[in-house]
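A.B. asks: This is a predicted model, with the sequence first.
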Amino acid sequence: MRAIQLSILITSFWLTGQAGAVQPGDVPSCYDALQLTDHKPASASRHLVVIVDQTARLDDALKKSVHQQVEQFVSPGDQVQLVAFSANAQGKYTDLVYKGWFDSPLPADVRNSIGKMTLNKFDACIKAQVKAKGKMHQKLRDAFGDGTTDFPKTELIGSILQVGTEVLGSIGEERKVLLIVSDMLENSSITSFYSKNSVRKIDSTAELAKVSKAGLSGDFAGADVYVIGAGFVGNGMAYSSQQALGSLESFWRALIEHHSGQLKQFGKPQLLSPMQ
C-alpha cells in the first residue's frame, strides 16, 4: 500500500505543471519528499545529458538502441537531462524536455538512525523511482518526433556546441556523460558533409578551420561523449564509404577534444558496446 501511495506521490508531482514544461518533480527526490534533505548527497554520482537532433530521421532499431543504452546506464545516484534541438527555423528550437535525479540509497548509519515508518516509506519511494524510468523513456520517445529533412540548413555544429556548453556548464563536479543522438552531418552556410545523398570524405583540419573562422566555440566541461546515429543517411538505405565515415569521426573527435570533451564512442550508426 505504501508503495502505491508513493507512486501516486511521484505522479502528482508530474501532473502539477503545464504539458511539455519541465517541472522540478519530473522525478521528485525521496529525500525531499520525506524531509530527509539533511542526508541527501550534495551532488549526483554521475550526470547524463542526452541531446536529440530532431532533424535526423532514425529508424526504429536505432531509436531502440538509444533507449537500451540509457536504460542500462542510469543507476541510483544519477541525474538525467534530455534536450531536444532542431534546425534554426521558425517553430523549431532547443528544448529541455526532462530532468530527473534518481536517488542513491540511504547510508547504513542513517538507516539505523531513523524511524522504521520513515525508512519503509523511503524504500518504497526508491522502488517507485525505478518504475518512474518509464517517464524518462516516454519523454525520449517524444523527443525523437518523426525526424525531418525538410530544413535545408541544420546548423548542427553550432547547436551541439551551444547545447553542450549551456547544459554541461551548469553541472557541478560530478562525472558528466553526454550522449548525442544525431547523424552528425552538418549542412549549413559554413560547410556541408553531404555529397549526392551520402557522406562525403572530409578534411578534418580544413573543416575545423571553417568552424573557427565562423566564430563557433563551446565547452564540453570535461564530459565523456558518446554518439549514436552518425552517418545515418536516407533511412539507412544510402551508401557511404568507410573512408567517408572515418573522416566524419576524425572531425568530431578533434572538435570535441578541442572543446574540452572526450569522445568515447562514435556509433556509425550504433554503439558497439554499452556506455560506461
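C.D. replies: Sure, I can see it.
A.B. asks: three-state assignment of the spatially closest residue to Ala223 that is not a sequence neighbour?
C.D. replies: Counting by CB to CB, 6 or more residues apart in numbering, Ala223 lies nearest to Lys176, which is 3.9 Å off, once chain neighbours are set aside. The C-beta positions use only the backbone N, C-alpha and C, and glycine is treated the same way. When classified by DSSP: H, G, I helix; E, B strand; the rest coil, Lys176 comes out as strand.
A.B. asks: Near Lys176, how many other residues are there?
C.D. replies: 24 (other CB atoms under 10 Å).
A.B. asks: which residue is nearest the middle of the chain?
C.D. replies: Nearest to the geometric centre of the chain sits Val50, at 0.4 Å (CA atoms, centre = their mean).
A.B. asks: still on that earlier bit, ok, the residue nearest to Ala223 touching Ala44?
C.D. replies: No. Using CB atoms under 8 Å, Lys176 makes no contact with Ala44, being 9.9 Å away.
A.B. asks: Just the helices from the protein, written as ranges.
C.D. replies: 2-14, 30-33, 60-73, 108-111, 116-131, 133-144, 156-168, 204-213, 242-258 (DSSP state H).
A.B. asks: Out of those, which one sits most buried?
C.D. replies: helix 156-168 (a mean of 21; mean count of other CB atoms under 10 Å).
A.B. asks: relative to helix 204-213, how tilted is it?
C.D. replies: Counting by axes from the mean of the first three to the mean of the last three CA atoms, to 10 degrees, helix 156-168 lies at 70 degrees to helix 204-213.
A.B. asks: if you average pLDDT over helix 156-168, what comes out?
C.D. replies: The predicted model assigns helix 156-168 a mean pLDDT of 92.
A.B. asks: swap in stretch 132-140?
C.D. replies: 89.
A.B. asks: With stretch 103-115 instead?
C.D. replies: Mean predicted confidence for stretch 103-115 is 92.
A.B. asks: Can I get stretch 42-60 in PDB, CA atoms only?
C.D. replies: Below are the C-alpha coordinates for stretch 42-60, written out as PDB (Å, rounded to 0.1, in the frame of the first residue of the first chain):
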ATOM      1  CA  ALA A  42      25.300  17.200  -2.200                       C
ATOM      2  CA  SER A  43      25.600  16.200  -5.900                       C
ATOM      3  CA  ALA A  44      24.700  13.300  -8.200                       C
ATOM      4  CA  SER A  45      27.100  10.400  -8.700                       C
ATOM      5  CA  ARG A  46      27.000  11.000 -12.500                       C
ATOM      6  CA  HIS A  47      25.100  13.400 -14.700                       C
ATOM      7  CA  LEU A  48      23.900  12.100 -18.100                       C
ATOM      8  CA  VAL A  49      22.800  14.600 -20.700                       C
ATOM      9  CA  VAL A  50      21.100  13.200 -23.800                       C
ATOM     10  CA  ILE A  51      20.700  15.600 -26.700                       C
ATOM     11  CA  VAL A  52      18.400  14.500 -29.600                       C
ATOM     12  CA  ASP A  53      18.800  16.100 -33.100                       C
ATOM     13  CA  GLN A  54      15.200  16.200 -34.300                       C
ATOM     14  CA  THR A  55      16.200  16.700 -37.900                       C
ATOM     15  CA  ALA A  56      17.800  13.300 -38.000                       C
ATOM     16  CA  ARG A  57      15.500  10.600 -39.400                       C
ATOM     17  CA  LEU A  58      16.400   7.500 -37.400                       C
ATOM     18  CA  ASP A  59      14.900   4.000 -37.900                       C
ATOM     19  CA  ASP A  60      13.200   2.000 -35.100                       C
END
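A.B. asks: Thank you, goodbye.
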